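>>> missing the sequence, but the structure's below:
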């Protein structure tokens, strides 16, 4: 009998790629999906569906009951009303973990975010060897206590904390990807359009910050590796360790948690230049937006939500994340434990994404 995998968020950008990879490997895939969602690409693969969403515990139980393992990817990255993040990202994760625990302790890989951990740590006197280019910051690691900054980040960290409550009843792991890009990523479409059409990229704030990136197929490979052989959460994975001789309490064990990213962060302007190179542009110029301008655009997005009841492309949550940084993390733990090392070269992967937008007629 084929191994069966249950996916929440299977109709989304990352979920579709994960479902494809599992089906390609000969696995049976079942996805939680609302009736109105676009199921056609998955149905063409032979994927089965359970009608419902993260608030429907019975639907979750139906999907999880016959599964060998669960991938939880569903969540919100934008909210229309205050509290939506907590309702979906946190409470939804509780429902998934609860069903996994009640139905025999299913293996669960939950996708969180670097936003749930926070930005790089500022340590001007102790930047590790090999990370001097990021000084006075250093790469964030799984053993660093999370310090989320935005409402979205706080909801993802809250979800991680809730998962700890089920760690002794189910085999749970957490993946924290940074900026995910690749074929099918509609969130980055405007960025690729701006570079393609105008040869420009917007840089929020006065500094050209470093970012960690991960190509979607690399992330999918890592999620599968985490499910197969990854570390699992313990009830104290995110608990502060005892203070050292200096009273420092900034670390935790980080057991069962993985940052999944390319080996070396790059500046956001470099990301834009690599997009430009994929479209044959030799030069991409940067438009710098002062922090107050970024925050002002975020406030405008909040007003738009209240008046129109729709999610704008940019809101205060994203503005807070944009003016802070750098958003950089280390993938060394995943590379060492799982054997997934995606290298430092992003140009070919960015080019594949860029060509996909062209083929789809989106530019």
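On my side now, so go ahead. Keep in mind the model is a prediction, meaning the values are calculated, not measured. Residues are numbered from 1 along each chain as shown.

>>> Output the below-cut-off pLDDT ranges for the chain.
243-249 (pLDDT under 70).

>>> tell me the helices in it, going along the chain?
Counting by DSSP state H, the chain has helices at residues 13-24, 40-43, 57-65, 84-85, 91-102, 114-117, 151-164, 189-198, 216-229, 268-278, 291-308, 316-323, 332-338, 347-359.

>>> List the contacts of residue 234.
Neighbouring residues of residue 234 by C-beta atoms under 8 Å, 6 or more residues apart in numbering: 164, 167, 168, 253, 255, 256. Quick note: C-beta positions are derived from backbone N, CA and C, even for glycine.

>>> and the two most separated of these?
The most widely separated members of these, counting by C-beta to C-beta, are 168 and 253 (14.9 Å).

>>> Which residue of these two possesses the greater neighbour count?
residue 253 (16 against 12; other C-beta atoms under 10 Å).

>>> Contacts only, for the residue nearest to that one when sequence neighbours are not counted.
Nearest non-adjacent residue to residue 253, counting by C-beta to C-beta, 6 or more residues apart in numbering: residue 237, 5.6 Å away. Contact partners of residue 237, counting by C-beta under 8 Å, 6+ apart, are 164, 167, 252, 253, 254, 255, 256, 257.

>>> List the beta-bridge partners for the last one.
Translated: residue 257. Residues found in beta-bridge contact with residue 257 (criterion: DSSP bridges) are residue 174.

>>> so what's it up against?
Residue 257 neighbours (C-beta under 8 Å, 6+ apart): 142, 160, 173, 174, 176, 231, 233, 237, 238.

>>> what's the closest of those residues to residue 117?
residue 176 (5.8 Å).

>>> my guess is that closest one meets residue 116, correct?
Yes - judged on C-beta atoms under 8 Å, residue 176 makes contact with residue 116 at a distance of 6.4 Å.

>>> hmm, back to that, can you redo the contacts of residue 257 as CSV with distance to residue 224?
Shown next, in CSV, are the contacts of residue 257 (distance: C-beta to C-beta, whole Å):
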residue, distance to residue 224
142, 19
160, 20
173, 12
174, 15
176, 16
231, 15
233, 18
237, 21
238, 24
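
>>> which among those gets closest to residue 287?
residue 176 (29.8 Å).

>>> can you tell me which residues contact residue 91?
Here residue 91 is in contact with 54, 55 (C-beta under 8 Å, 6+ apart).

>>> just to revisit the earlier point, got the contacts of residue 237 as TSV, with distance to residue 78 columns?
Shown next, in TSV, are those (distance: C-beta to C-beta, whole Å):
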residue	distance to residue 78
164	26
167	29
252	29
253	32
254	28
255	31
256	28
257	25
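
>>> Just give me the closest of those to residue 341.
Of the contacts of residue 237, the one sitting nearest to residue 341 (C-beta to C-beta) turns out to be residue 257, at 17.9 Å.

>>> mind checking how far the closest one is from residue 188?
With distances taken as C-beta to C-beta, to the nearest Å, residue 257 is found 26 Å from residue 188.

>>> now swap in residue 73 and tell me
Taken as C-beta to C-beta, the span from residue 73 to residue 188 is 17 Å.

>>> More neighbours: which of these two?
It is residue 73, of residue 73 and residue 188, that has more neighbours when counted by other C-beta under 10 Å, with 23 against 17.

>>> Do I have it right that that one meets residue 18?
Yes - with contact defined as C-beta under 8 Å, residue 73 reaches residue 18; the gap is 7.1 Å.

>>> which residues are in contact with both of these two?
In contact with both residue 73 and residue 18: 7, 10, using C-beta under 8 Å, 6+ apart.

>>> coming back round to it: I'd like the contacts of residue 234 written out as TSV, with distance to residue 23 added.
Below are those laid out as TSV (distance: C-beta to C-beta, whole Å):
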residue	distance to residue 23
164	32
167	30
168	33
253	35
255	31
256	27
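
>>> Give me the distance between the two termini of stretch 116-132.
25 Å (C-alpha to C-alpha, to the nearest Å).

>>> do stretch 96-115 as well
21 Å.

>>> for stretch 132-151, same thing?
End-to-end for stretch 132-151, by C-alpha to C-alpha: 31 Å.

>>> Give the buried residues for it.
Across stretch 132-151, burial judged by 16 or more other C-beta atoms under 10 Å covers 134, 137-142, 144-146, 148-151.

>>> again, but for stretch 56-69
Those would be 56, 59, 60, 61, 62, 63, 64, 67, 69, for stretch 56-69 by 16+ other C-beta under 10 Å.

>>> pretty sure residue 28 is touching residue 5, no?
Yes - Residue 28 is within contact range of residue 5, at 7.2 Å (criterion: C-beta under 8 Å).

>>> Give the residue from those two that has the larger number of neighbours.
Per other C-beta under 10 Å, whichever of residue 28 and residue 5 has more neighbours is residue 5, with 25 against 18.

>>> what about residue 226, distance to residue 354?
28 Å.

>>> so which of the helices of the chain is the most packed in?
helix 114-117 (a mean of 26; mean count of other C-beta atoms under 10 Å).

>>> distance between that one and the chain's centre?
8 Å (C-alpha atoms, centre = their mean, to the nearest Å).

>>> And for the residue lying closest to residue 281 once chain neighbours are set aside, the neighbour number?
Residue nearest to residue 281 in three dimensions, not counting chain neighbours: residue 199, with 5.3 Å by C-beta to C-beta, 6+ apart. Neighbour count of residue 199, defined by other C-beta under 10 Å: 15.
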